[in-house]
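S.K.: A structural model of the following input is requested.
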Amino acid sequence: MKCVRDNPVEFPLRKSLPEGWAGKSGEELEKVTGVKGAVFCHRGLFTAVAETKEAITKMAEIAVNS
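M.R.: Coordinates of the predicted model:
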């Protein structure tokens with residue numbers, strides 16, 4: 001969700017996932033995001049996982065609009 005490459009050599013990140021998601025998983029992440037099916041968010045805030053396409057799409061919408 002967060003990682004969009006500007007060039008093939010570097011990997012600068014343009015937007016982090018919401019700070020409150022860092023390192024959370026399972027029910028804790030579902031509670032923080034409000035998204036049923038949220039599974040995991042890396043503590044570095046560069047990737048997240050969900051059980052369904054709908055759940056990860058909702059998480060992406062939240063992240064982009066936060």
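S.K.: what residues are up against the residue positioned nearest the centre of the chain?
M.R.: Central residue of the chain (CA atoms, centre = their mean): residue 48, 3.9 Å from the mean position. Taking CB atoms under 8 Å, 6 or more residues apart in numbering, we find residue 48 in contact with 1, 17, 21, 38-42, 56, 59, 63. Bear in mind the C-beta positions are built from the backbone N, C-alpha and C, glycine included.
S.K.: now, which of these sits nearest residue 30?
M.R.: residue 38 (4.8 Å; CB to CB).
S.K.: which residues are in contact with the closest one?
M.R.: With CB under 8 Å, 6+ apart, residue 38 has these contacts: 29-30, 48, 50-51, 55, 59.
S.K.: figure out how far stretch 40-56 is from the centre of its chain.
M.R.: 4 Å (CA atoms, centre = their mean, to the nearest Å).
S.K.: ok so, going back, pLDDT score for the residue nearest to the centre of the chain?
M.R.: The per-residue pLDDT reported for residue 48 equals 96.
S.K.: now do residue 1
M.R.: 45.
S.K.: again, but for residue 23
M.R.: pLDDT recorded at residue 23 is 97.
S.K.: doesn't it lie inside a strand?
M.R.: No: under DSSP: H, G, I helix; E, B strand; the rest coil, residue 23 sits outside any strand and is assigned coil.
S.K.: now do the SS call for the spatially closest residue to it that is not a sequence neighbour.
M.R.: Spatial nearest neighbour of residue 23, excluding adjacent residues (CB to CB, 6 or more residues apart in numbering): residue 43 at 3.7 Å. At residue 43 the chain is in coil, as set by three-state DSSP.
S.K.: so what pLDDT did residue 43 get?
M.R.: 95.
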